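Participant: Here's my sequence, what's the structure:
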Amino acid sequence: MLIKAIRAGKLADVKAALDAGEPVELDDGNGEPGLAMGIACFMGHAEIVRELVHCGAQVNLADNRLPTSPLSMAIRGKRTEVVRTLLELGATLPEGMECGLTENEVMIACWKAQRAGLSGQEELEPAALHNIEEIDMTGCAGTDTLVLEADALRMAKDMR
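Facilitator: Numbers count the residues shown, from 1 in each chain. Down below sits the predicted model:
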């Protein structure tokens, strides 16, 4: 029932299947868990991915370059929104791995994971962020932010 709901993209049915006790880490037929997450990632169901993670599904494998990792499944399916979601949920993007997102998009998604405590990376000390300022983007409608984005990207690179 869970796999059928994921394939159909029906979040309510996914929740019902999980509430009924279906395991979130279904075996892929080769003895590896993660079938449900892999299908959701490949098919591009970001909200279902969030629900599976909320219920205990893993976003990382020991090596996220493996073709069965959630990240690899989303990349192979060309599902950039799911890639972004996985990074926001704490997935680790291996260095040099092309994911379909810009460097800026990756940085922001990883920052969201870090801010939410979902990243394996150490939280930056507030003193190290003296040049960072939070901006209310809804109040800046119509403002050209290209210079700001370039500055933020340069600072993020310098922090690495």
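
Participant: In terms of residue numbering, what are the domains of this protein?
Facilitator: For the chain, automatic domain parsing gives the domain ranges 2-123, 124-160.

Participant: least reliable of those domains going by mean pLDDT?
Facilitator: Mean pLDDT values for these show the minimum at domain 124-160, a mean of 62.

Participant: most packed of the domains of the chain?
Facilitator: Comparing these by mean neighbour count (mean count of other CB atoms under 10 Å), domain 2-123 comes out on top with a mean of 17. From N, CA and C alone the C-beta is placed, and that goes for glycine too.

Participant: how distant is that one from the center of its chain?
Facilitator: Put simply, domain 2-123 sits 6 Å off its chain's centre (CA atoms, centre = their mean, to the nearest Å).

Participant: centroid residue for the protein?
Facilitator: What sits nearest the mean C-alpha location of the chain, by CA atoms, centre = their mean, is residue 86, with 1.5 Å.

Participant: contact partners of the helix or strand where that one lies?
Facilitator: Residue 86 belongs to helix 80-88 when assigned by DSSP states H and E. Helix 80-88 is contacted from outside by 40-41, 44-46, 49-50, 59, 70-71, 74-75, 93, 99-101, 105-106, 109-110, 112-113, 116, 118, using CB atoms under 8 Å, 6 or more residues apart in numbering.

Participant: For the nearest residue to residue 56 once chain neighbours are set aside, give its distance to residue 156.
Facilitator: The shortest distance from residue 56 to any non-neighbouring residue, by CB to CB, 6 or more residues apart in numbering, is to residue 24 (5.0 Å). Noted for residue 24: a distance of 33 Å to residue 156, by CB to CB, to the nearest Å.

Participant: ok, which stretches of the protein are helices?
Facilitator: 2-8, 11-19, 35-43, 46-54, 70-76, 80-88, 103-115, 146-159 (DSSP state H).

Participant: Quick one: closest of these to residue 64.
Facilitator: helix 70-76 (4.7 Å; CB to CB).
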